[in-house]
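Peer 1: Got a predicted structure here, sequence first:
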Amino acid sequence: MAIDNNNPLEQQNNPEPNGSNGEANTRRRKKPRRDGKGSNTQTNHTTTKTSGSKTRRGGKGADKGNQALATQATDPNLALGDLGDAADDAAAYAEGGIKAIGDQRIIPFMKIEKPMAILSILLVIGSIIAIAINGLNLGLDFTGGVSADVRYEQSVEQTDVVNALAENGFNDAVVQYLGTSQELLIRLPPQSDNVDGLNASLSEALALPNNNVEISNVNIIGSQVGNEIYLSSVMSIVLALACMLGYVALRFQFKLALGAVLSLFHDAIVTIGVFALFGFPFDLTVLAAILALIGYSLNDTIVVYDRIRENFRRVRGITPVQTIDLSLTETLRRTIMTISTVLLVVLAMLFLGGDGLFWFSAALFIGLIAGTYSSTYIASSIPLAMGLSRDDFIVKVKPEFEEEIVTFNDPKMFE
C-alpha cells in the first residue's frame, strides 16, 4: 500500500530524520507533552538554557541586561513564592516594575542602630532636665515689656543704639532693623513709667550726635499678654506635630507616622534643650526657627519614607533591615546636597545677618544637625522596631470567587 506524502498526519507519525519536514516539526513543538512524561519544570529549564545560550551569543550588552534578572532568581523559594504572588507583582508594577539590586553597594546604617538609639534617649532626657532645672531665658515677647518704633535721619548702627540706651539706664535692650538702617524696633524689659514718661526718657536716651531721632510708637506689653503668647507657642508646636502625624499616617503607614513624629519631637526638644542649657534668649524668632525646622525635617523624612515604600514593593529577596539600608543609601546623596545648601544659607545669616537674625540662625543650625541625624536613624529605626515589613505596603485583594466545600450530614445517605 502506497503512502501519500502529502498527508500531514502521516508526516507527523513518520518524521524524516534528516529531512526538512522533520526538522520543522521538531522546532514546532514549544509546549510540554500532555502524556504525563513531560512537565512545565523541564520546559522552563530548557527555556532558561536556550535563553542563556542566546545571551552568550549576544555579547556583553546582553550579559549586563540580564544581570538584574539573574539576581532575582537566586533563591528558588523566592521564585516560587514571592514572584508568584499576584498582589506583590501588582504592587511592584505600580511602582515601576521589579527592581534588582545587583552589585549595588549598601551602607549598613542600621548596624549602629542601638548605639544611636541610646544617644538619642540621652539627648532627650538631658534636654528635658535642662529645661526643668534651668528654664528658658524668655525674651520680651513672652515676659512682656516695652516696644518702640524709632526712625533716625541718617543710618545708624545697632550697637550704638544699644550702648546709648545702656548709658541712660535702659539695660537688656533688643534693637532690630525694620527694612532700612534708619528705622529700628527697640524692645525693653518692663518699665515703671507710663507711656508719656517713656517717650520723654527714650527721646533723651536715643539722641545721637548729628543724627536726630523720632519715636513714632511706644507700646507696653503686659506679662499676661506674654503668658498668652507663650501658651499659644506651645500649642502651635503640639498642633504642628499632630498634623504631621495625621498626614504621614494617611499618606504612608501608621508605623512610619509614629517614627516621623517622634523624630520631629526629638529635633524640637534637643534644640530647646540647648537653649535652656546655655541660657540663650528664647523669643518669637527662635520659635519661628523651630517651626521651620519641623517642616524641613519632615520633608527630609518624607523623601526617605517614599524610597522605603518603593523598595519594599519592588525589591525581592532581602530583609526589612536591608531594605531600610538600601533606601537610606539611595537617598544619602540627596540628603548631603540638601543639608549642605541649607547650611550655607544658615551660616550666612548667622555671621552676616546681624543681631536680629542671630538667634534665629543659631536655632536653625542646631536643629538642622539634629534633624539630619534623626531622619536617618530615629525615623527609620522606630518603624523597623515595630515590625515594618512588605505586608504593610501591599494591599491583599480578596478573590472574587472562593470554593466552598459542602458536606451532607444526612445519615440515610449511607444506609
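Peer 2: Cool, the structure landed.
Peer 1: Helices of the stretch 51-200 of the chain, start to end?
Peer 2: Here the stretch 51-200 of the chain has its helices, by DSSP state H, counting those that start in this stretch, at 60-72, 76-80, 86-94, 113-133, 140-143, 158-167, 195-205.
Peer 1: wait, the stretch 301-415 of the chain
Peer 2: Listed from the start of the chain, the stretch 301-415 of the chain has helices (DSSP H, counting those that start in this stretch) covering 320-352, 355-376, 378-385.
Peer 1: just checking, what packs against the first one?
Peer 2: Contacts defined by 3 or more CB pairs under 8 Å, 6 or more residues apart in numbering; DSSP states H and E place helix 320-352 against helix 284-314, helix 355-376, helix 378-385. For glycine as for every other residue, the C-beta is placed from the backbone atoms N, C-alpha and C.
Peer 1: nearest to Gln158, of these?
Peer 2: Closest of the helices and strands packed on helix 320-352 to Gln158 is helix 355-376, at 5.6 Å (criterion: CB to CB).
Peer 1: List the buried residues of the closest one.
Peer 2: Neighbour counts over helix 355-376 (16 or more other CB atoms under 10 Å) mark 356-368, 370-376 as buried.
Peer 1: ok, now stretch 279-292?
Peer 2: Within stretch 279-292, the residues that count as buried by 16+ other CB under 10 Å are 280-283, 285-287, 289-290.
Peer 1: pLDDT averaged over it - what is it?
Peer 2: Mean pLDDT, stretch 279-292: 90.
Peer 1: ok, and what's touching it?
Peer 2: Stretch 279-292 is contacted by residues 134, 136-142, 174, 229, 233, 236-237, 240, 268, 271-272, 274-276, 356-357, 359-364, 367 when judged by CB atoms under 8 Å, 6 or more residues apart in numbering.
Peer 1: since we're on Phe312, how many residues are nearby?
Peer 2: Phe312 is flanked by 25 other residues according to other CB atoms under 10 Å.
Peer 1: same check, this time on Ser327
Peer 2: Neighbourhood size, Ser327 [other CB under 10 Å]: 24.
Peer 1: which residues sit in contact with it?
Peer 2: 304, 307-308, 310-311, 380.
Peer 1: For those residues, which two are the farthest from each other?
Peer 2: The widest separation within the contacts of Ser327 (CB to CB) is 14.3 Å, between Glu310 and Ser380.
Peer 1: Which one's more surrounded, the two?
Peer 2: Ser380 (27 against 20).
Peer 1: you'd agree the more buried one is up against Asp325?
Peer 2: No: Ser380 lies out of contact with Asp325 (CB atoms under 8 Å); the separation is 9.1 Å.
Peer 1: shared neighbours, the two?
Peer 2: Residues touching both Ser380 and Asp325 (CB under 8 Å, 6+ apart) are 109-110.
Peer 1: Can you give me every residue that contacts Ile220?
Peer 2: Neighbouring residues of Ile220 by CB under 8 Å, 6+ apart: 145-146, 191, 194-195, 198.
Peer 1: Of those residues, just the buried ones, ChimeraX syntax please.
Peer 2: Selection of buried members from these for ChimeraX, criterion 16+ other CB under 10 Å:
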select :145,146,198
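Peer 1: Rebuild the contacts of Ile220 as CSV, extending it with pLDDT and distance to Ser340.
Peer 2: What follows is these, written out as CSV (pLDDT from 0 to 100; distance: CB to CB, whole Å):
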residue, pLDDT, distance to Ser340
Gly145, 83, 39
Val146, 86, 42
Gln191, 79, 45
Asn194, 71, 52
Val195, 68, 49
Leu198, 82, 47
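Peer 1: Go through the contacts of Ile220 and say which is closest to Ile336.
Peer 2: Taking the contacts of Ile220 together and measuring to Ile336 by CB to CB, the closest member is Gly145, at 42.8 Å.
Peer 1: coming back round to it: turn the buried residues of stretch 279-292 into a markdown table, including distance to Leu350.
Peer 2: Output for the buried residues of stretch 279-292, formatted as a markdown table (distance: CB to CB, whole Å):
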| residue | distance to Leu350 |
| --- | --- |
| Phe280 | 13 |
| Pro281 | 15 |
| Phe282 | 17 |
| Asp283 | 16 |
| Thr285 | 13 |
| Val286 | 13 |
| Leu287 | 18 |
| Ala289 | 11 |
| Ile290 | 16 |
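Peer 1: Relative to Ile186, which of the residues you listed is nearest.
Peer 2: Taking CB to CB as the measure, Ile186 sits nearest to Asp283 out of the buried residues of stretch 279-292, at 14.1 Å.
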